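Student: My questions concern the predicted model and sequence given below.
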Amino acid sequence: MKPLFRLSIALVVLLTLSSVAWLTMREDRVDFNTQIKPLLNKNCIACHGGVKKASDFSLLFEHEALAKAKSGKHAIVPGNADASELIRRLTLTDPEERMPLEAPPLKKEEIELLRTWINQGADWGKHWAYEPVTKPEVPKIGTFWSRLGVVENDELKWAKNEIDHFVLDKISHEKGLAGSLKPSPEADKITLIRRVSLDLTGLPPTEQDVVDFLNDKSPNAYEKMVDRALANPAYGERWTGMWLDLARYADTKGYEADLSRPMWRYRDWLIKAFNEDKPFDQFTVEQLAGDLLPNRNGEPPTDNQLIATGFHRNTMTNDEGGTQDEEYRVAAVIDRVNTTWDVWQGTTFGCVQCHSHPYDPFTHDEYYKYMAFFNNTRDEDVPSDTPTLRFYKEADSVKVQELHAWVSQRAANPQQTKMADRLTRLTEPKVNSHYFDQYVNASLMGAMYTAIQDKGSARMKDMDLNGKNRLIIAWGTKAEKAVMTVHQDSPDGPVLLQQPVPKTGSPWRDTTLVFALPNVSGRHHLYLTLSNPKSPQDWVMVKWVSLQPALPGQPATILGDMDHKLTEILNAKAELLPVMQENTGDQVRETFVFQRGNWLVKGKKVSADVPKSLPPMDKNLPKNRLGLARWMVNRQNPLTARVAVNRFWEQLFGTGIVETVEDIGTQGIPPTHQELLDWLAAEFMETDHWSVKKLLKKMALSATYRQHSKASPEALAHDPWNKFLMRGPRVRLTAEQVRDQTLAASGLLSKKQFGPSVMPAQPDGIWQSPYSPESWKLSQGEDRYRRALYTYWKRTAPYPSMITFDSPSREFCQLRRLRTNTPLQALVTLNDPVYVEAAQHLADWMRYQGKTPEQQIQAGFQRIMLRPLSKAKLAVLTRLYQTTQRHYQQQPDEARKLLTCSEGTPELAALAVTANAMLNLDEVVTKE
Ligand code: HEC
Ligand code: HEC
């Protein structure tokens, strides 16, 4: 062979080899997360996943999928599709054996895809949202020369910040779309200020805001306007409105009679937290575990730290007679677990209560390990909703201070001061009487509290008497001369205490008394026995008892002055706020797996831990709620920041980057701009130290946000849902915004902040709950015109105009409001008493704004929408005015009936109807 020829053969061989290598390298790799997992989730995992493992084969975790199945075969043999039972099963013809069972076969392409994936090595991928957040590079936009400033470039000119880079980058990579969709120009100034104002403060801008913005000709006028909105006290109210859905905040308890439960101090805490831009990590920790936060010098938690924990005391409680307190206590704990995952982790962890997660990598046991963090709180579904933080009236708080001063001067150790503090602020620790047993002539009345009759007794099990010289009892009766005796160890054992029971008028009305006990050491059963010969049928009802050491400086076995002061304090009429408290000592609770989620069927005991598929808790963190909360806001937690950023994004843009804000797991809709989400999440945690205001500002300053919202026919055809963000958001206002805007535009809105919830006008007949003595008492004065978030919220009869505009009833956490547009909404804005009154008020103002109806209507519209009305619309509204005015001229009585606020002329009535129609216009109830 000639050398040249040999060389050319070698070249050919070399070329062939390299092109094969090149080809295989080029071959598209199948991606598990986006191509395989959805296929398995849809077709297989119901039978081969977290719930059922048919034939011992599961596709939930890699190790399970690769293990031998029941037949002894491997369903998946990485690198060898032909040897994989899974592929064989997909291609069989016998429907008894062919997978998926009881369903049509997979498509050819789908089977091919699975085959390729296995041949490529069956790489298992972790779902993107469970991977740590790494900060992506901000994509470059424009051309090389334009970046140097040599030539002009549309993209560079349009973009304002990094968000826009990601958005432009995305569209430029979208096959078939590049070129057909282009960013929209900035909206006009009026549209912008209305959008920013409604988004950031929940209110339309004031006339002055508009003038300031229009007159500001400086280059950063827009930024300054955004800053003013962020600094407006209304900002905190707007974002609290959002958070209340997540916190399932309400003014009532939820079940049956759905009685009142004042939680408004927690609502006010939120408003202040948002306004002072409390960093989101701290905001999180305080709500989940404010009661456990260590303070300087071992000081007890502050009121504000305790108030924050109201978040998880919004769970429903059941006061109905006969219901099991433990069942509903457990239900509340489960709700806390699920809500915590919903709100902060965007994961449907609630599915793991009864079986392992069918789709996401969480096992059944892990649910209960996580529940152990929440299972040790003091609340036990008692009607008093304890533990509650007590807010004393002026005179009583002086007594509390005196007592504290006394104790801290004499305390032998800090523990004594802490105990006195806990007792007076929270009346804890106590033993609720539903734990008593061995009833004789006694009963657990209504399945709530122990009640005893003449010659009756009940046992308090296994009480630690060491150093406890005080027994505190909360009790009541209508009996005249009942006497209670406390025996040690048996119903006729040694007498520790004998006392008359105070008559309170009813067993349900209680008074709290402090008694001295002799020195007894060790743990003992205590028996309460009752002698009540005068009215043997009458019940003495005990709500709770507490064993305490005597206050420092008080005699051990008789009561001293401070004991009397303590009694006064415990009986003072205080306002109560349910808060979180941890069980201590004897009361610490163990946690068990509930088999199939049933609280009555307990499996193995578990201790607190976080799921394995997420980063572990740092060793230095305590294994309690506080440690858990800190784990959630750790930089390593892949979910918290993503979920938060996504939620705030949704609020401004109408749709989340992950549309399913409630689920960023494998069943959620994939993100439209994952890199942008991760970049924002990383910035949020690192650069901006969890500042929500900075996050929102970044979004509001982007060109993406500032675009006008008009959609061209091409844009609608190519991207009907605006997934590529090539136009601004245009969505219906929230229930809160609809109300608040109407009140603001009509001049009725009260600026009063904070305080108990109010009862503005609502249609008659809404509150008709059985067993409830409570009624809707129309608030007076400006309280009728407060912002929506101050409206009293009864879960079983929520405020009608709010639910008509898609607000939830708040029994459970609601992560996303699905927007609807229904005729009912028009019925509300046209007829609801609040809207009718607002229209009249606006009309009353309009009539002084010009001589002709046209001028008056024009002024009204200008006031609502901050811009003039088009000629065509003005003509329609003027016609409405004229026909209505003629109608009222013929029916003057009707005009007087309509108008409650001033003299009922046909002109004013017609103007009110016109204003009413304007407040119901689509553009008015829409943000654009
Ligand atoms: C409706 C329930 C159901 C669905 C859906 C289903 N399977 Fe099955 N699968 C079964 C049952 C039951 C068995 C065991 C009985 C049998 O072997 O036919 C089984 C057996 C298997 C086996 C054999 C395991 C062994 O022991 O060797 C494989 C592999 C398998 N399925 C794969 C799949 C795949 C892949 C899908 C989705 C494309 C799927 N299955 C969907 C119920 C289901
Ligand atoms: C209160 C208990 C409970 C909760 C909470 C629960 N499930 Fe289930 N689920 C069950 C029970 C019971 C079964 C039947 C299991 C069986 O037959 O072995 C089941 C079965 C399933 C199955 C198998 C379906 C089939 O075809 O047999 C899937 C998938 C499933 N659940 C998904 C979910 C999802 C998703 C959630 C959360 C949104 C959820 N489950 C929450 C109790 C629950």
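Tutor: That came in fine, so what should we check first? Ligands and ions are numbered 1, 2, ... in the order given.
Student: Helices of the stretch 101-250 of the chain, residue ranges please.
Tutor: 108-119, 144-147, 154-158, 162-173, 189-201, 207-215, 221-231, 234-246 (DSSP state H, counting those that start in this stretch).
Student: Show me what the shortest one is packed against.
Tutor: In terms of contact count using 3 or more CB pairs under 8 Å, 6 or more residues apart in numbering; DSSP states H and E, helix 144-147 is assigned the packing partners helix 154-158. C-beta: built from backbone N, CA, C; applies to glycine.
Student: and if you look at the first one?
Tutor: Secondary structure elements in contact with helix 108-119, counted by 3+ CB pairs under 8 Å, 6+ apart, are helix 37-43, helix 85-91.
Student: Quick check: the residue in the stretch 301-450 of the chain that ligand 1 sits nearest to vs E62, distance?
Tutor: Closest residue of the stretch 301-450 of the chain to ligand 1, CB to the nearest ligand atom: P358 (11.5 Å). Note on P358: its distance to E62, by CB to CB, to the nearest Å, is 16 Å.
Student: between those two, who's got more neighbours?
Tutor: P358 (20 against 16; other CB atoms under 10 Å).
Student: May I have the secondary structure class of that one?
Tutor: coil (DSSP: H, G, I helix; E, B strand; the rest coil).
Student: Pull the distance from stretch 835-847 to the chain's centre.
Tutor: Once both centres are worked out by CA atoms, centre = their mean, to the nearest Å, stretch 835-847 turns out to sit 36 Å from its chain's centre.
Student: now stretch 753-761
Tutor: Centroid separation for stretch 753-761 versus its chain: 21 Å, with CA atoms, centre = their mean.
Student: burial of the residue of the stretch 651-800 of the chain found nearest ligand 1, as a residue count?
Tutor: Relative to ligand 1, the nearest point of the stretch 651-800 of the chain is T666 (15.3 Å; CB to the nearest ligand atom). Other residues within reach of T666, judged by other CB under 10 Å, total 22.
Student: can you pull the contacts of it?
Tutor: N33, K37, P38, N41, H127, Y359, D360 (CB atoms under 8 Å, 6 or more residues apart in numbering).
Student: quick one: which of those is nearest to K604?
Tutor: D360 (22.5 Å; CB to CB).
Student: In which helix or strand does L676 reside?
Tutor: Assigned by DSSP states H and E, L676 belongs to helix 674-682.
Student: Name the residues of the helix or strand just after that helix that are buried.
Tutor: For helix 674-682, the following helix or strand on the C-terminal side (DSSP H and E) is helix 692-701. Neighbour counts over helix 692-701 (16 or more other CB atoms under 10 Å) mark V692, K693, K694, L695, L696, K697, K698, M699, A700, L701 as buried.
Student: Same check on stretch 456-471?
Tutor: Buried residues in stretch 456-471 (16+ other CB under 10 Å): G456, S457, A458, R459, M460, M463, L465, K468, N469, R470, L471.
Student: Can you name the residues of this structure that neighbour ligand 1?
Tutor: 43-44, 46-48, 54-55, 57, 69-71, 73, 75, 85-86, 89, 97, 99-103, 106 (CB under 6 Å from any ligand atom).
Student: Can you say which of those are buried?
Tutor: For those, buried by 16+ other CB under 10 Å: 43-44, 46-48, 55, 57, 69, 73, 75, 85-86, 89, 99-100, 106.
Student: pLDDT below threshold where in the chain?
Tutor: 1-27, 178, 901-902 (pLDDT under 70).
Student: quick one, domains of it?
Tutor: 1-29, 32-124, 420-570, 831-927 (automatic domain parsing).
Student: Export these to CSV and append columns for distance to D335.
Tutor: CSV is the format used below for the domains of the chain (distance: least, CB to CB, whole Å):
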stretch, distance to D335
domain 1-29, 43
domain 32-124, 21
domain 420-570, 20
domain 831-927, 32
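Student: among the ones you listed, which is nearest ligand 2?
Tutor: With CB to the nearest ligand atom as the measure, domain 32-124 is the member of the domains of the chain nearest ligand 2 (4.0 Å).
Student: Show the end-to-end separation of that closest one, please.
Tutor: 6 Å (CA to CA, to the nearest Å).
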